[in-house]
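1. Mind folding the following:
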Amino acid sequence: MASTPESRSERIARLCAETALFMRDHVLSRVSHDLRSPLNAIHSWAYVLERKIDAADAGSQRALGGIRTGVEQQVRLLETLVDKTRAGTRSLRVDRAPFALDALTDEAAGDVRVALAGARAVTLTVYGLPTGATLDGDRERIAQALWLMLVFAVESSASGAAVTLDVGATAASVRFGVKWTAAPEALTDDALPHLLEPFARAQAREPLETGRAAWVLSLCQRVTEAHGGRFEQQPLTEGAATALALSLPVAAA
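-> I've put the predicted structure just below:
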């Protein structure tokens, strides 16, 4: 039985779900890493104390036992709750095949205009098409990354603002550059329509960590890395120009 073609509304819902899934994966990864470091330190210091404390001191030995038990319980929680939850997204599968760059770009921009930009009265303009380029990569994943870049730009723009997408293609690489004037307060303005989750939008207003993007853009980062490319985000400073950039090699590495 033939599958029913996916409608635009269904595609938008799936894209939002994928964005949330990869952000959840990123947050869990941070939790796992940031908790293991102090737990390992506590475990090591417990052994140091064991050599200093009199073995005949029952109270101290019980205290050390309680410390070790607590550490082991926390590690088991990380393994059973955090690591197993991440199992499905820890490694990103990439299904490579040649596809037309222009059609993908038109589709992503069109989805964003219908789903959010129109409701925000934000103008989304694409420059650089047609490129006539063919890209070797996972079309679905790259489309998700481009869609999310554009949605993020609209989400962090004031009503009536303008967002531009510059597409550049050479024999060696393809680059998507999204530019707009930052309005961070728009991310958490309940009077405006939104696609991204409240927590994702709130976190995106926080200062950028060195060399990292906002957590909600984790999908863009993962897709870019899986294709051997580079993803960059500039800070969101009220009233200042800002940008996202995604560069990919044209051919598989």
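2. okay, CA-based contacts and neighbour counts for the rest of this
-> Noted.
3. can you give me the helices for the stretch 51-200 of the chain?
-> Ranges of helices in the stretch 51-200 of the chain, per DSSP state H, counting those that start in this stretch, are 58-77, 84-85, 101-112, 118-120, 139-155, 198-204.
4. wait, which of those is closest to Trp215?
-> helix 198-204 (6.9 Å; CA to CA).
5. So what's the gap between the host helix or strand of Leu21 and the chain middle?
-> Under the criterion of DSSP states H and E, Leu21 resides in helix 8-52. Taking CA atoms, centre = their mean, to the nearest Å, the mean C-alpha location of helix 8-52 is offset from the chain mean by 14 Å.
6. counting contacts, what elements does it pack onto?
-> Counting contacts by 3 or more CA pairs under 8 Å, 6 or more residues apart in numbering; DSSP states H and E, helix 8-52 packs against helix 58-77, helix 218-226.
7. Give me whichever of these is most buried.
-> helix 218-226 (a mean of 22; mean count of other CA atoms under 10 Å).
8. angle of the helix holding Leu21 against helix 139-155?
-> 90 degrees (axes from the mean of the first three to the mean of the last three CA atoms, to 10 degrees).
9. Please shift the residue numbers so they start at 31 in all later answers.
-> Okay, residue one is now 31; in that scheme the one you just asked about reads as helix 38-82.
10. Next, format the helices and strands packed on helix 38-82 as JSON lines and append distance to Leu69 and mean pLDDT.
-> Putting the helices and strands packed on helix 38-82 into JSON lines (distance: least, CA to CA, whole Å; pLDDT from 0 to 100) gives the following:
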{"stretch": "helix 88-107", "distance to Leu69": "6", "mean pLDDT": "77"}
{"stretch": "helix 248-256", "distance to Leu69": "26", "mean pLDDT": "93"}
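11. quick one: which of those is nearest Arg123?
-> Comparing those under CA to CA, the one sitting nearest is helix 248-256, at 8.1 Å.
12. Strand partners (parallel or antiparallel) of whichever helix or strand comes after the closest one?
-> Later in the chain than helix 248-256, the nearest helix or strand by DSSP H and E is strand 260-263. As defined by DSSP bridges, the strand partners of strand 260-263 come to strand 271-279 (antiparallel).
13. Would you mark the buried spots in the strand it pairs with?
-> Neighbour-count burial for strand 271-279, counted by 16 or more other CA atoms under 10 Å, picks out Thr272, Ala273, Leu274, Ala275, Leu276, Ser277, Leu278, Pro279.
14. check contacts around Thr272.
-> Lys209, Trp210, Thr211, Ala212, Gln264, Pro265, Leu266 (CA atoms under 8 Å, 6 or more residues apart in numbering).
15. measure the residue nearest to the first one when sequence neighbours are not counted to Asp166 for me?
-> I take that to be Lys209. Computed as CA to CA, 6 or more residues apart in numbering, the closest residue to Lys209 that is not its neighbour in sequence is Ala273, at 4.4 Å. Ala273 sits 25 Å away from Asp166, taking CA to CA, to the nearest Å as the criterion.
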